[in-house]
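Student: Requesting a structural model of the entry that follows:
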Amino acid sequence: MKHKRKQFSGKQFVIKTATVGLLLNMLLSPSIPAALAEAAKTPATTDSGKTPTTKAVTGTVSKIPSVDSLGLNVRSAVLMEPTTGEILMSLNADVPLPPASMTKMMTEYLVADAVKNGQLSWDQKVVVQENASKQVGSRIFLAQGDEHTVEELYIAMAVGSANDATVALAELVSGSEQQFVELMNQTAQKMGMKTAYFINSTGLSRADMPAKFRPESDRETVMSAMDAAILARYIVTDHPDFNKFTTIQSYKFRERDKKPIINYNWMLESNKDIANFKAYAYPGLDGLKTGHTASAGNCFTGTAVRDGMRLISVVMGANTEAHRFTETKKVLDYGFNNFEIKQVVAPKSVIQGTETVPVVKGKNKEVPVVTDQGVTFIVPKGTAAPKIESTVQTNDPATLVAPIATSSKVGKVTYTYKVDGMDLVQQKTVNLITAEEAEKAGWFKLFLRAIGEFFGDLFSGIKNLF
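Tutor: Take a look at the predicted model:
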């Protein structure tokens, strides 16, 4: 029986005589073997899109109560953690409803933005125009031609929900209230508010606006509880000093005023010593905005911080002024009693299975890598070690050419966490960076490495023939 030899391409092994001689001379040198041994080591590779998972034991967790168990007597409600944007509880949260004076949160945000970017200043004088002077409902009885500072009017808006002060500020920012309304609607879209539509800066129903200044359209202002929470998140994030105004309990607008403006927010923590409000005072609560009209019922966007975690709650359509606060307490208690913020991955963490990435032309063939920042998730209270999945993507190895500086981005890691029994999936992506500098190898080391790799490929090819 004849045996067939394996066929192979001759071009794989064609080596010029001069090259063979050079290699043989080098191999006879006593200083070469150790260098060749190092050079012939096969570098570890990290495929782009590699998906190792980080396994962790889930601690014993108490069952999270259902939303139904809260017995909320409102048309809609939502609870948000603002640093992650995670929704911890919702009830008809996407239904567009009349928000009443919670509309003023957008006016507050835009005025604060105008001050922040230098368009306005807090001590700037504002001359009251006709539209502002004719507002009804909550007001401080501004007359056309009155002059007050931006800060004075802002406090009247934030504390006393004054419609006339709100319109005066809107006109200052944009020239007219309707031009300001265009800015409000544009900003709502940029923020990702899906249902919000504004017809004025105050939240008044169209019929309650001064006839001369009503929009032609017969639409009304609407905003879902979810949209209100999104807006509140922008306020507490972009203007963290918001509570400088929202925690003011009372404010005397003019020296001649017989009574000060009283904050409509009964839940302020500082109200714990006020006889009329202490039953509603809530630990850590420092904002944000109430609202009431006949069509909206009683609404409240509240925010409180406890043990380093801030929550935002929204209730809409409560049947009494007091109930908007008792229902808010239920929502906030649900959050603070059942959840906490936990760092689930520390900064500079090593990823199991991707401890290094290969380096082209490096002094070392690999460089150690770590995450550039920690990862924080909302977890049920009592979760000792939440089970987190991680997905790693490294840059194309051909682009990782020495020298590479320390802390250079070489990939990314996406962490995913799902709370058992809830539609709560959290995800965060961080960068994968070099933990040290990857120095470029000298020409001689690169030459020896090339020889080692050549012979490694040659011997592998020969081995595969037989």
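
Student: OK, contacts around residue 264?
Tutor: Listed by CB atoms under 8 Å, 6 or more residues apart in numbering, the contact partners of residue 264 are 159, 160, 161, 290. In this view, the C-beta of every residue, glycine as well, is placed from N, C-alpha and C.

Student: Neighbour-wise, give me the winner out of those residues.
Tutor: Neighbour counts for the contacts of residue 264, by other CB atoms under 10 Å, peak at residue 161, which reaches 26 neighbours.

Student: my guess is that residue meets residue 103, correct?
Tutor: No. The pair residue 161 and residue 103 fails to qualify as a contact (CB atoms under 8 Å) at a distance of 10.1 Å.

Student: still on that earlier bit, among the contacts of residue 264, which lie within helices?
Tutor: With helices taken from DSSP state H, the overlap with the contacts of residue 264 comprises 159, 160.

Student: Next up, the contacts around the residue nearest the centre of the chain.
Tutor: Nearest to the mean C-alpha position of the chain, counting by CA atoms, centre = their mean, stands residue 84 at 4.6 Å. By CB under 8 Å, 6+ apart, the residues touching residue 84 are 376, 377, 378, 426, 428.

Student: re the thing from before, any residues in contact with both of residue 161 and residue 103?
Tutor: The contact sets of residue 161 and residue 103 overlap at residue 291 (CB under 8 Å, 6+ apart).

Student: In space, what's closest to residue 347 - neighbours in sequence excluded?
Tutor: residue 374 (4.3 Å; CB to CB, 6 or more residues apart in numbering).

Student: Oops, could you answer that again for residue 291 instead?
Tutor: Excluding its sequence neighbours, the residue lying closest to residue 291 (CB to CB, 6+ apart) is residue 100, at 3.2 Å.

Student: How many residues are close by the one you found?
Tutor: Applying other CB under 10 Å, we find 28 residues neighbouring residue 100.

Student: Just the residues contacting stretch 140-156, thanks.
Tutor: 108, 111-112, 115, 120-130, 132-133, 160, 162, 164-166, 168-169, 172, 245, 248, 251, 253, 261.

Student: make it 6 Å
Tutor: With CB atoms under 6 Å, 6 or more residues apart in numbering as the contact definition, stretch 140-156 has outside contacts at 120, 122-128, 130, 132-133, 162, 164-165, 168-169, 245, 251, 253.

Student: and the residues you listed, which are buried?
Tutor: Neighbour-count burial (16 or more other CB atoms under 10 Å) is assigned, among those, to 120, 126, 128, 132-133, 162, 164-165, 168-169, 245, 251, 253.

Student: Just the ones of these in strands?
Tutor: If you go by DSSP state E, the buried ones among the contacts of stretch 140-156 have 126, 251 in strands.

Student: Could you work out the most separated pair of the buried ones among the contacts of stretch 140-156?
Tutor: Checked with CB to CB, those reach their widest spread between 133 and 245, with 23.1 Å between them.

Student: can you tell me how far residue 405 sits from residue 430?
Tutor: Separation of residue 405 from residue 430 (CB to CB, to the nearest Å) stands at 19 Å.

Student: And the helix or strand containing residue 316, what does it pack against?
Tutor: Element membership for residue 316 (DSSP states H and E) is strand 309-318. Packed against strand 309-318 by the contact rule (3 or more CB pairs under 6 Å, 6 or more residues apart in numbering; DSSP states H and E) you find strand 76-81, helix 225-238, strand 297-306, helix 323-338.

Student: List the buried residues in the longest one.
Tutor: The one in question is helix 323-338. Neighbour counts over helix 323-338 (16+ other CB under 10 Å) mark 323-332, 334-336, 338 as buried.

Student: So which of the residues you listed is the closest to residue 311?
Tutor: Comparing the buried residues of helix 323-338 against residue 311 with CB to CB places residue 335 closest, at 4.6 Å.

Student: Do you know the pLDDT at the closest one?
Tutor: Here the pLDDT value assigned to residue 335 is 96.

Student: Phi, psi for residue 249 please.
Tutor: When read as degrees, to the nearest 10, the backbone of residue 249 gives phi -80, psi -40.

Student: OK, contacts around it?
Tutor: Counting by CB under 6 Å, 6+ apart, residue 249 touches 263, 270.

Student: Equivalent analysis for the one 3 residues further on, please.
Tutor: Under the criterion of CB under 6 Å, 6+ apart, the contact partners of residue 252 comprise residue 260.
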